[in-house]
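Trainee: 3D, please:
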Amino acid sequence: MSFRPLAILNRFDGGAVTRDFPDNIPKNCSPYPKNVELYGSTVRKARGFTKYGTESSSSDIGFTLYNHRILSDTELLIKTIGTTVKFLDPVSNNWYPITTATLTGGKRWWFTSFNGYLYGCNGTDNFCRWRGSAYSTLKNTVSNGATTIDLATGTGARFPTSGTGLIEGDAFTWTGKTGDQLTGVSGIQDHPAGATVIMAMDTTTYTTQPKGSVGLFFRHRIFSRDDANPNFWYFSKLADNTTPEDDLTDFTVAGSGTGDAGYIIMPAAVVGAEVFITGGNYAVQVVFCSDGVAYAVSVSDSGSITSGVAVPFKVLGADLAGKNMTAITENDLLALDNTGCLRALGYGEQSTTLKTARLSDDIAPTMENVDWADGAMFYHKRKIYMLGKVNGSSVNNYCVVRDTNPMGYVFWEHWGFNDLCEHENELYGLSSVNGNVYKLNNGLSADGEAIASSYPLPDLDFDAPLIFKEAAWMRVGGYMTANCHLYIKVYLDNSITPYTFLLSGDNTDIVSANDNVAIGTVIFGTGVVGGGLPSGSSLREFEATLNFPTLGYFNKLRIVFENNESDVDFYLDKLLVWAEAQDPFVTFDKLNLQAI
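Mentor: Sure thing, here's the model as predicted:
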């Protein structure tokens, strides 16, 4: 018999499948795609990240990252770290505190924005408010002991007549204001012209408001759980046109008049909440409770009466895996439950309880083995990111990524983050091992370190699992950078020692790591494609042919692609394997494996 191509793969978009036995996995899927991502029909090396801003207290741990819009054209990154809350100063690129208070560390906060104000709580400390729109820069230098501060021209109206402020983490007070000048200043240190001036967060005024670790803004009210009584879902006064910023801090139940604050006693403890816009352009507030039901919550102001109601939205039959394990896509609400299933809670008719769609049946066992309790979920540019921890880790060290284009899952072990957020249209993450913030999907290394990528194919038996076969050669196609070294490991049956080949981006012969001899060739295309690559490297099309030495007979084989380098890139988009069956009574037509 002659050798013929028995395996032909030109799609790698199936993602991870961990539920099935390896020889039952579809050929466009993988049992464990590590630190790679799906891109169209190809598989590629995962993107990396770089540190964003200078953090002087990098030994402290952060848990919450939030993008706060303080003005129409100004966004500030806010993070909790240790016992304080900080913002990234765009002038100095340093992280500075926005509060003079010592807060409780190790807590996950919720934040929301309204008209330049930031509101938030962590379930232990007081409900807080920060007047973020009181934001300016120094017009002139200030010296130690100065009694006046000149703000940038035209920004004095943003500040009240008295208060406490911060410049580069240095706290001061003032008692008066004239135009763009703060007067009666005390406690100021030396600072250069152009330094950022902010107000300090108010952490002491709202001592009687509910202390909740779950909260949100919906239809001109702030809603918050009371952690001491988690069945109680409080709502603030309705923000009106007089002092709306103050109304959102008032949870005092004064009566039943229009626009009053109040609360709804939920059927079970509140464990999470989210707001999304349905495909019918209808805004829904969904509150997840510990009875396995997601409720649609609304407050109405009719006549002289304010009333709140909670009706079943979707019956999940399971709790949220963690309070931050929800995310909003274009027209869907996603929720990861504590059975390891990712749910899509699309909204049908307003009063109809519909069965939820399970998006993750094929990956549920893997997701069950991840602890999501302190994790987070975020949707960005048609990808859903789910942070958690595995292997007995005490911190988040794992990210499951689903791309909604190829609709497959991959696993990233180079992302160890407690929270994610979007800032100026880019994705950022807060480290789970220190207080650093990183710009994600940026570059081809993890803050300068190598990203170890591995993509194993499913077991290939060529639809003849009980027939011995012999491999002849293999052809691989795709793209890689000139400095990339991609290893191809071939395992026969259940062997633990592979035959290893090196696919070199240096346009040289393929080299076997076992015997260090040339066994094939790499043919590069002439065009340079792609972008955003490291200096001095280019992404070029290649086609590599591996002439197998005598590997021996096998029933099935496993092919694994591995790379463990910094600042390299590769795409795989085709694979052909030639083999010969050793049973003369079986024809090759029965063995052919077509593309998926």
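Trainee: where are the low-confidence patches of the stretch 401-550 of the chain?
Mentor: 506-538, 549 (pLDDT under 70).
Trainee: same thing but 80
Mentor: For the stretch 401-550 of the chain, applying pLDDT under 80 flags the ranges 404-407, 462-465, 482-483, 503-550.
Trainee: shaky segments in the stretch 51-200 of the chain?
Mentor: Within the stretch 51-200 of the chain, the stretches with pLDDT under 80 are 58, 71-73.
Trainee: burial count for the nearest residue to Pro33 once chain neighbours are set aside?
Mentor: In space, and not counting its chain neighbours, Pro33 is closest to Val410: 4.5 Å by CB to CB, 6 or more residues apart in numbering. For every residue, glycine as well, the C-beta is placed using N, CA and C. Neighbourhood size, Val410 [other CB atoms under 10 Å]: 24.
Trainee: what segments of the protein are helices?
Mentor: With helices called from DSSP state H, the chain shows them at 244-247, 364-368.
Trainee: partners of Thr84 in the sheet?
Mentor: Residues in a beta bridge with Thr84, per DSSP bridges, are Ile81.
Trainee: begin at 34, not 1, for the rest of this chat.
Mentor: Noted, 34 is the first residue going forward, which turns the last one into Thr117.
Trainee: hang on, isn't it packed against Thr135?
Mentor: Yes. Counting by CB atoms under 8 Å, Thr117 touches Thr135, with 7.3 Å between them.
Trainee: these two: who's more crowded?
Mentor: Thr117 (22 against 11).
Trainee: separation between that one and Lys140?
Mentor: Separation of Thr117 from Lys140 (CB to CB, to the nearest Å): 12 Å.
Trainee: show me what contacts Glu459?
Mentor: By CB atoms under 8 Å, 6 or more residues apart in numbering, the contact set of Glu459 is 472-475.
Trainee: quick check on those residues: which are buried?
Mentor: Among the contacts of Glu459, the ones that count as buried by 16 or more other CB atoms under 10 Å are 472-475.
Trainee: check the helices of the chain for me: which has the lowest mean pLDDT.
Mentor: Looking at those, the lowest mean pLDDT belongs to helix 397-401 (a mean of 67).
Trainee: how far does stretch 291-307 sit from its chain's centre?
Mentor: Mean C-alpha position of stretch 291-307 versus that of the full chain (CA atoms, centre = their mean, to the nearest Å) differs by 28 Å.
Trainee: show the average pLDDT along that stretch.
Mentor: 94.
Trainee: buried stuff in it?
Mentor: Buried, per 16+ other CB under 10 Å, within stretch 291-307: 292-297, 299, 302-307.
Trainee: quick one: which of those residues sit in strands?
Mentor: 295-297, 303-307 (DSSP state E).
Trainee: can I get those in a markdown table with distance to Val342?
Mentor: Converted to a markdown table, these look like this (distance: CB to CB, whole Å):
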| residue | distance to Val342 |
| --- | --- |
| Gly295 | 11 |
| Tyr296 | 12 |
| Ile297 | 7 |
| Val303 | 15 |
| Val304 | 19 |
| Gly305 | 19 |
| Ala306 | 15 |
| Glu307 | 18 |
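Trainee: looking at the residues you listed, which is nearest Arg258?
Mentor: For those, the closest approach to Arg258 (CB to CB) belongs to Val303, at 4.5 Å.
Trainee: leaving out the residues flanking it, which one is nearest to that closest one?
Mentor: Val303 sits nearest to Arg258 (CB to CB, 6+ apart), 4.5 Å away.
Trainee: repeat for Ser333
Mentor: Ser333 sits nearest to Ser340 (CB to CB, 6+ apart), 5.8 Å away.
Trainee: again with Ser464
Mentor: Phe450 (6.1 Å).
Trainee: check contacts around that neighbour.
Mentor: Phe450 neighbours (CB under 8 Å, 6+ apart): 409, 420, 429, 432, 462-465, 471.
Trainee: state the distance from it to Tyr72.
Mentor: With CB to CB as the criterion, Phe450 and Tyr72 are 22 Å apart.
Trainee: could you pull out the strands in the stretch 84-233 of the chain for me?
Mentor: 95-104, 107-114, 117-122, 127-130, 143-147, 150-154, 160-164, 168-170, 182-183, 196-200, 203-207, 209-211, 214-216, 229-232 (DSSP state E, counting those that start in this stretch).
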